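> Got a sequence here, can you build the structure:
(one chain, ligands or ions: 1)
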Amino acid sequence: MFGMTPSISPADGRRESADSAVLVINSGSSSLKFSLIDGSREAVLVQGLAEALGSADAALHVARPDQAKETRAIPGAHHSQAMAAVLEVIEEFHVAAVGHRVVHGGEAFSESVLIERETLAAIRACVPLAPLHNPANLAGIEAAMERFPTLPHVAVFDTAFHQTMPPQAFHYALPHALYENHRVRRYGFHGTSHRFVSTEATRLLGRDPANLQLITAHLGNGCSACAVKNGHSVDTTMGFTPLEGLVMGTRSGDIDPNLHEFLANTLGKSLGEITAMLNRESGLLGISGLSNDMRTLAAAAETGHVRAGLAIDIFCYRLAKGLLGLAAGLDRIDALVFTGGIGEHSAAVRAKTLSHLQILHPVIDAEHNRIHGRDSDGRITASTSGLLTLVVPTNEELVIAREAMRFLAPSFTSPSS
Ligand code: ADP
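As a prediction, this is how the structure comes out:
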């Protein structure tokens, strides 16, 4: 029923039962993704996506393990109504906490926090840094707090993991007043993913986290790589916004900043149009003129589509260049870790990227690469390789759930946190 809150025990909103679940919310401007994760088994109980919010086509898609997907029309629903529909879906479960993905925490947040009134104000203060994402995240938080008023809500920031970057890595070579007055600096994103896969890689390799230097490459629709030294981010490819760095599905990654003036002068484009082009019409889509989807491009390149092949070549070359750049933040590279939809599933992209890293003497194991390192500890390189390379599936929802669980009673512990 709309407006109903799930049963929770004691008055302080904390719950200790091992069958409790954490609701993970990832709220976009017109979408709301949710996962309900069992706290003790760390398994997904139910997950879904409300999309086209604010339109007549708004719908909630729900998936449960081993069951057919369901779709329910929620015409005209905004975040609050979508959250009410989610609540109906999960009302049979005991929800102990809600974890929220928040894209930008600026310099205010170097770790996850329990959301209180001041937290909301601090997230709102970061809106100028992420004008599309943070308002959408706030809409999700507010809708969830309205529906689950007695539960602890925890904000997990994409930027927080990178707050350990040293000044030489996070500053731009711009007039310093821009940093002092407007906090113009490199922040980095995908922090939950980089943190998760670097922790997983450390575990898989059985290594001491205080003595392991990794480069992690998160390659999804958005792409970024991170230098992780002894468990801490020391540099990353994304910057002030998620546009900087690697070539992505529809984002250009690094370009010459003078391009703005050239395009404005020659094509009469406005700043907004140029920004939209760099974010939504560039990257793999822009180069290929075909698709932002790596699977489509790989299939097209096979049948001789020249620009699909060029898009993949540029993607891999620029990725290799980005990875080598990050090595400046490390003393050595103990392992390179691929993750994200492309990183986890494209043997061809991984092989091509390693082919541009010959300076590090990688020796790929074709069979392990073909099966995405699944039969071992994720390894896709031979024992003779100069660069140990792994594939580690990411799980950002699980990181958010674990973070939310940290704020529950001490006896509510996760098996691997
Ligand atoms: P998001 O960043 O939106 O979470 P994903 O991490 O799911 O996206 O990554 C999406 C990308 O992964 C797309 O380019 C898609 O083509 C690519 N991808 C997924 N599966 C494969 C595959 N089997 N081979 C190559 N690319 C794949």
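> so A225 makes contact with L214?
No. At 10.4 Å, A225 does not count as touching L214 under the criterion of CB atoms under 8 Å. For glycine as for every other residue, the C-beta is placed from the backbone atoms N, C-alpha and C.
> Closest residue of the stretch 251-400 of the chain to the ligand?
Of all residues in the stretch 251-400 of the chain, G341 sits closest to the ligand, at 2.1 Å by CB to the nearest ligand atom.
> Just give the closest residue to that residue, not the sequence neighbours.
Among residues not flanking G341 along the chain, G220 sits closest, at 4.8 Å (CB to CB, 6 or more residues apart in numbering).
> Which pLDDT value goes with L408?
Predicted confidence (pLDDT) at L408: the value is 84.
> next one: S417
Looking at S417, its pLDDT stands at 35.
> element containing the residue of the stretch 251-400 of the chain closest to the ligand?
Secondary-structure element containing G341, defined by DSSP states H and E: helix 340-345.
> Just checking the helix or strand containing T216 against the ligand, any contact.
Here T216 is covered by strand 213-219, with elements defined by DSSP H and E. No. Between strand 213-219 and the ligand, judged by CB under 6 Å from any ligand atom, nothing touches; the nearest distance is 7.2 Å.
> Quickly run through the sheet partners of that strand, with directions.
strand 223-229 (antiparallel), strand 335-339 (parallel) (DSSP bridges).
> Let me see the mean pLDDT of it.
Mean pLDDT, taken over the full extent of strand 213-219, equals 98.
> What residues sit buried inside it?
Applying a neighbour-count criterion of 16 or more other CB atoms under 10 Å, one finds 213-219 buried in strand 213-219.
> roughly how far is it from the heart of the chain?
In terms of CA atoms, centre = their mean, to the nearest Å, the centre of strand 213-219 is found 13 Å from the chain centre.
> would you put the C-alpha positions of it in CSV?
Written as CSV, here are the backbone C-alpha positions of strand 213-219 (Å, rounded to 0.1, in the frame of the first residue of the first chain):
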residue,chain,number,x,y,z
GLN,A,213,49.5,-1.1,-6.0
LEU,A,214,46.8,-1.5,-8.6
ILE,A,215,45.3,0.2,-11.6
THR,A,216,41.6,-0.4,-12.0
ALA,A,217,39.8,0.3,-15.3
HIS,A,218,36.0,0.6,-15.0
LEU,A,219,34.7,0.4,-18.6
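> So which bits of the chain are right by the ligand?
Residues of the chain lying close to the ligand by CB under 6 Å from any ligand atom are 220-222, 249, 293-295, 298, 340-342, 345-346.
> Got a quick ChimeraX command for the buried subset of the residues you listed?
Written as a ChimeraX command, the selection of buried residues from the residues of the chain next to the ligand, which uses 16+ other CB under 10 Å, is:
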select :220,221,222,249,293,294,298,340,341,342,345,346
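> Just name the closest of the residues of the chain next to the ligand to L398, please.
For L398, the nearest member of the residues of the chain next to the ligand is G340. The distance, counting by CB to CB, is 14.9 Å.
> what ranges of this structure fall below the confidence cut-off?
With pLDDT under 70 as the threshold, the chain has low-confidence stretches at 1-19, 409-417.
> Which secondary structure elements does the helix or strand harbouring T275 sit against?
With secondary structure defined by DSSP H and E, T275 is part of helix 271-280. On a contact count with 3 or more CB pairs under 8 Å, 6 or more residues apart in numbering; DSSP states H and E, helix 271-280 meets helix 259-267.
> Now do the helix it packs on against helix 271-280: the angle between them, please.
Compare the direction of helix 259-267 with that of helix 271-280 by axes from the mean of the first three to the mean of the last three CA atoms, to 10 degrees and you get 120 degrees.
> Show me the contact partners of helix 259-267.
For helix 259-267, the surrounding residues in contact (CB atoms under 8 Å, 6 or more residues apart in numbering) are 269-271, 274, 277.
> Now with 7 Å, please.
The contact list for helix 259-267 (CB atoms under 7 Å, 6 or more residues apart in numbering) reads 269, 271, 274.
> now swap in stretch 229-247 and tell me
Applying CB under 7 Å, 6+ apart, the set of residues contacting stretch 229-247 is 161-162, 164-166, 169, 184-189, 194, 209-213, 222-227, 251, 253-254, 278-279, 283-284, 314-315, 318-319, 322, 326, 329-330.
> Put the alpha carbons of it into CSV.
As requested, the backbone C-alpha atoms of stretch 229-247 are provided in CSV (Å, rounded to 0.1, in the frame of the first residue of the first chain):
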residue,chain,number,x,y,z
LYS,A,229,48.0,2.6,-3.8
ASN,A,230,47.7,0.5,-0.7
GLY,A,231,43.9,0.8,-0.8
HIS,A,232,43.7,4.5,-1.5
SER,A,233,43.0,6.3,-4.8
VAL,A,234,46.0,8.4,-5.7
ASP,A,235,44.9,9.5,-9.2
THR,A,236,42.0,8.9,-11.6
THR,A,237,41.2,9.8,-15.2
MET,A,238,37.9,11.6,-14.6
GLY,A,239,38.1,15.2,-13.3
PHE,A,240,35.9,18.1,-12.5
THR,A,241,33.1,16.2,-14.3
PRO,A,242,32.8,12.7,-15.6
LEU,A,243,33.7,14.0,-19.1
GLU,A,244,37.4,14.1,-18.6
GLY,A,245,39.8,11.2,-19.4
LEU,A,246,39.0,8.1,-21.4
VAL,A,247,36.9,7.7,-24.5
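> Can you give me the buried ones in it?
Going by neighbour count (16+ other CB under 10 Å), the buried part of stretch 229-247 is 229, 231-247.
> The nearest residue in space to I37 that is not next to it in sequence: neighbouring residues, count only.
Here the nearest residue to I37 in space, its sequence neighbours aside, is A401; by CB to CB, 6+ apart that works out to 4.1 Å. The burial metric for A401, expressed as a neighbour count using other CB atoms under 10 Å, is 28.
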